[in-house]
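# How does the following fold in three dimensions:
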Amino acid sequence: MSNSRKTDKASATDRMRAARAQAERSDRIRRRVVVGAASAAVLALAAGVAFAVGGGSSGSGSDAAANGPLVVPANATGDGGTVITYGKADAPHTLSVYEDFRCPFCEQLETTTGKTIQQLADAGTYKVEYHLATFLDKNLGGKGSRTALAAAGAALNEGVDKFKQFHDVLYANQPDERSDAFGDVNHILDLAGQVPGLKTDAFVKAVQDGTYAPWAAKVNEEFNKSDVTGTPTVKLDGQKLDVLSNGKAVSPEQFTAMVKQVTG
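Numbers count the residues shown, from 1 in each chain. Below you'll find the predicted structure:
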């Protein structure tokens, strides 16, 4: 074989190796882009910190339904109807709870201590004001937070107790943070079936039509105006309670002790 042919063959081999290396690098980059947000979530879990609120819009306005007419659910409270209040209106104290339905730390708090939080509200110790967000759709991708919050608006329209039960069902069935299962309206409706009497024709239609998607966007806008930097955040009469300890939700006993310390 002549030297020129050997050189050409070597050059072709080098080009193939270079092309293969480039393809492998591109594939690695694509994989990093796909899992990057989920990896950030996993790191947050490992570090034991609340999910940080991302800057700017949550992306809630990207859905066509969110740009429709604003319909505020019956039973909504607060400025512009962006707060959900559970408990006795004349309760002497107010527990403010800031959450995102896709937040795994919120799930920890609700499934560990949520029953006690409700019991203290039912006993009249305080009323609970829920301030909900959808920022994790931007952080993790998808539309699960928005879809769940819009459906929660439909539940609130049916009654505060229906909202609270649906709220609890969502957290009890929260998907992995890398999944956008809450973005599936049919899945949301299946979960709603666990709340007795919730799936009225009006509720189903509101969820399917995204009736409360503009309201969900407004609720998130109000959340963004707060000084809250991560979820879950819980404040009793404006005083922040440390509801996460070493990356885990505090126990019901610890939470009760915190409340007594503030209320006296």
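# Which secondary structure element of this structure has the lowest mean pLDDT?
The weakest-scoring helix or strand in the chain, judged by mean pLDDT, DSSP states H and E, is helix 3-47 (a mean of 44).
# what sits against Leu189?
For Leu189, the contacting residues are 199, 204, 207-208, by Cβ atoms under 8 Å, 6 or more residues apart in numbering. To be clear about C-beta, it is placed using only N, CA and C from the backbone, and glycine gets the same treatment.
# Could you do Gly78 as well?
So Gly78 contacts 85, 129, 222 (Cβ under 8 Å, 6+ apart).
# Number of residues surrounding the last one?
I take that to be Glu222. For Glu222, the tally of surrounding residues (other Cβ atoms under 10 Å) stands at 17.
# Now do the end-to-end distance for stretch 191-203.
End-to-end distance of stretch 191-203 (Cα to Cα, to the nearest Å): 13 Å.
# in it, what's buried?
Within stretch 191-203, the residues that qualify as buried are 191-192, 195, 198-199, 203, counting by 16 or more other Cβ atoms under 10 Å.
# got those residues as JSON lines, with secondary structure columns?
What follows is the buried residues of stretch 191-203, written out as JSON lines (DSSP: H, G, I helix; E, B strand; the rest coil):
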{"residue": "Leu191", "secondary structure": "helix"}
{"residue": "Ala192", "secondary structure": "helix"}
{"residue": "Val195", "secondary structure": "coil"}
{"residue": "Leu198", "secondary structure": "coil"}
{"residue": "Lys199", "secondary structure": "coil"}
{"residue": "Phe203", "secondary structure": "helix"}
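# from these, which single one is nearest Lys248?
Taking Cβ to Cβ as the measure, Lys248 sits nearest to Leu191 out of those, at 25.2 Å.
# Relative to Thr211, how far out is that closest one?
Using Cβ to Cβ, to the nearest Å, Leu191 is found at 18 Å from Thr211.
# just checking, Ile84 is part of a strand?
Yes - if the criterion is three-state DSSP, then Ile84 is within a strand.
# What residues sit buried inside stretch 154-166?
Buried residues in stretch 154-166 (16+ other Cβ under 10 Å): 154-158, 160, 162-166.
# of those, closest to Ser245?
Taking Cβ to Cβ as the measure, Ser245 sits nearest to Lys164 out of the buried residues of stretch 154-166, at 25.2 Å.
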